[in-house]
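Participant: Please find the sequence and the predicted model below.
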Amino acid sequence: LIGDANMVIAQPQRQSDNFETQLWNPQHPVCILVHNPKNEDIDLPEPHSTPPISEIYGPDVSENDLARLTLAPGLQKTRIILVGDNITMLVTYVDGPNEGFNDANLGALRRNAFEFGMTIWAANLQGPAEISISAEMTPLGGDVTEAVLASAAPAAFYRNFTTAPFANTFYPESLVEIISGSDPDTDRLDINVEFNSDVDNNVVLGNRDWYYGLDAMPGNDIDFVTVTIHELCHGLGFISSFNNGGSFGGGSGDPWIFDRFLVNSSGSLLISIPVSPGNVINDNVFWNGLRGRFVYQNEFETIENVPMYAPAPYEAGSSIGHLDEVTFGGDWDLMSPGYSAPNHRPDNIVLGILQDIGYSLPKSRYVDINASGFEDGSSAYPFNDLAEGWDAVPDNGALRILPGSYPGKYTFDKPVQIHSSGGTAVLGAQ
């Protein structure tokens with residue numbers, strides 16, 4: 001185990017000489033397996049856990065366990081994808097020989113589909129960053145009508161790093177790397193994802209199998225690329241720490257960055273109201289981040305916040321960390337909790353939410369006249385002067401201007417798209 005008190009999830013290794021130690025918190029026990037064959041002194045992280053998001057086909061199915069994702073020495077197979085604006089995405093397949101992604105018959109098709117999903121995210125994010133992924137296919141079972149399809153989570157969360165936009169807030173590892181400019185732990189992969197290999201047998205989901213084509217035409221089968229895109233979005237940080245009791249932070253007392261934008265129907269932040277199981281059910285959880293909300297209000301012609309998936313009773317692995325299943329269908333259903341149809345395009349509400357938590361879109365520079373302090377033109381640290389943004393945005397890039405009145409006279413002398421990002425921006429205001 002390598003890290004400091006701000007690293008909050010440990011990966012077990014496939015070794016026979018593990019020992020088990022337990023850290024206790026009155027509200028949150030956590031068990032950590034540590035590989036320590038030389039019996040060396042180890043600094044253990046504070047009690048904290050990262051529950052995966054579970055994707056289901058069929059009603060009333062959830063998964064509470066951490067995705068069983070490990071690095072097996074000698075079995076690692078790394079592929080590198082170079083796509084996007086200074087984004088490198090890498091995947092390590094951790095299945096054994098002739099298993100999962102290394103299956104003699106289906107392995108190549110599975111890897112090709114997964115890597116195609118990676119390229120879609122790489123093309124929709126701005127770096128610089130090298131995002132590393134651990135991927136595995138495991139027999140998770142199911143029956144003829146329902147099964148868990150996949151689960152995913154960030155491998156680790158960090159708080160109070162040097163350039164963190166919010167203090168005392170946990171950020172997923174891939175986002176820490178983008179915001180800070182360096183990988184907080186080069187020995188650890190950033191995202192863990194697991195798929196149900198049993199979908200390809202004749203029992204689970206009956207005659208429905210995984211579809212590994214790239215054309216989004218799965219017929220009656222389950223489109224593997226769509227599920228990959230969905231899962232990687234969770235791994236990037238589209239994930240909440242709220243549990244069925246209404247508490248957050250896994251006992252640490254500090255929210256994850258996603259939690260900071262969740263409100264109830266009265267507009268009260270969930271992290272600021274008294275803890276209660278009623279806070280996370282009854283369709284009473286919404287997203288109020290500026291960019292995600294702006295897209296939703298314009299596309300759906302409403303003044304409301306973005307409805308999140310918050311059924312009663314609470315569904316572990318599905319509640320809060322998805323968009324509402326009823327509201328978002330068709331082209332908008334990528335991040336709803338249940339698979340319904342192929343979708344290879346992250347929609348603008350999802351991209352807006354990722355920008356709210358700190359990601360930037362490719363070739364984009366952000367300007368917020370109300371910003372202060374450190375600025376680099378990213379979504380997390382926008383410029384506060386329009387001229388700075390204009391000078392920094394590349395040709396054929398996008399200048400994304402946050403709400404406000406921007407006084408002065410401006411000359412636009414290069415091919416650039418200008419976007420209002422989260423509200424109305426008035427240029428040349430007196």
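Facilitator: Cool, got the structure.

Participant: Which residue comes closest to residue 329 once chain neighbours are left out?
Facilitator: residue 340 (7.2 Å; Cβ to Cβ, 6 or more residues apart in numbering). C-betas here are computed from N, CA, C, even on glycine.

Participant: pLDDT wise, what is the one you found at?
Facilitator: Note for residue 340: predicted pLDDT of 92.

Participant: Equivalent analysis for residue 409, please.
Facilitator: At residue 409, pLDDT is 86.

Participant: Quick check: nearest residue in space to it, chain neighbours excluded?
Facilitator: residue 428 (6.3 Å).

Participant: Tell me, how many residues neighbour that neighbour?
Facilitator: 11 (other Cβ atoms under 10 Å).

Participant: do the same with residue 198
Facilitator: The burial count for residue 198: 18, using other Cβ under 10 Å.

Participant: do the same with residue 244
Facilitator: 14.

Participant: ok, now which ones touch it?
Facilitator: Residue 244 is in contact with 277, 280, 313-314, 316, 319, counting by Cβ atoms under 8 Å, 6 or more residues apart in numbering.

Participant: follow-up on the earlier one: how far away is the residue nearest to residue 409 from residue 413?
Facilitator: Residue 428 is 16 Å from residue 413, where distance means Cβ to Cβ, to the nearest Å.

Participant: what's the answer for residue 185, then?
Facilitator: 43 Å.

Participant: Which of the two has more residues huddled nearby?
Facilitator: Between residue 185 and residue 413, counted using other Cβ under 10 Å, the more crowded position is residue 185 (17 against 7).

Participant: Okay, buried residues for the host helix or strand of residue 365 please.
Facilitator: Using DSSP states H and E, residue 365 sits in strand 364-367. For strand 364-367, burial by neighbour count (16 or more other Cβ atoms under 10 Å) applies to 364-367.

Participant: Residue 154 pairs with what?
Facilitator: The partner list for residue 154 in beta bridges (DSSP bridges) reads residue 191.

Participant: still on that earlier bit, give me the contact list for the strand holding residue 365.
Facilitator: 126, 360, 377-379, 382-386, 388-389, 392-393, 397-402, 406, 421.

Participant: from the residues you listed, which would you call buried?
Facilitator: 126, 360, 377-379, 382-386, 389, 393, 397-402, 406, 421.

Participant: that's a strand at residue 87, yeah?
Facilitator: Yes. Counting by DSSP: H, G, I helix; E, B strand; the rest coil, residue 87 is located in a strand.

Participant: per-residue pLDDT, it?
Facilitator: For residue 87, pLDDT reads 85.

Participant: That one reaches residue 125, doesn't it?
Facilitator: Yes. If you go by Cβ atoms under 8 Å, residue 87 and residue 125 touch, sitting 5.3 Å apart.

Participant: Surely residue 92 and residue 189 touch.
Facilitator: Yes. When contacts are counted by Cβ under 8 Å, residue 92 is listed as touching residue 189 (6.2 Å).

Participant: So for those two, which residue has more residues nearby?
Facilitator: residue 189 (24 against 19).

Participant: Check the spacing between the more buried one and residue 341 real quick.
Facilitator: From residue 189 to residue 341 the distance is 30 Å (Cβ to Cβ).

Participant: same question, residue 183
Facilitator: Residue 183 is 36 Å from residue 341, by Cβ to Cβ.

Participant: the more surrounded of these two?
Facilitator: With neighbours defined as other Cβ under 10 Å, residue 183 and residue 341 compare such that residue 183 has more, 17 against 13.

Participant: Next one: that one, what pLDDT does it get?
Facilitator: 88.

Participant: Ramachandran angles for residue 330?
Facilitator: Backbone dihedrals for residue 330, given as degrees, to the nearest 10, come out at phi 60, psi -130.

Participant: Could you list the low-pLDDT ranges of this structure?
Facilitator: 1-85, 430 (pLDDT under 70).

Participant: Next, please give the residue ranges for the helices of it.
Facilitator: 107-122, 173-180, 224-236, 290-299, 348-357, 386-392 (DSSP state H).

Participant: who's in contact with the last one?
Facilitator: Counting by Cβ under 8 Å, 6+ apart, the neighbours of helix 386-392 from elsewhere in the structure are 365-367, 369, 375, 377, 382-383, 399, 401, 406, 408, 410, 412, 416, 427.

Participant: How far off centre is it?
Facilitator: Counting by Cα atoms, centre = their mean, to the nearest Å, helix 386-392 is centred 30 Å from the centre of its parent chain.
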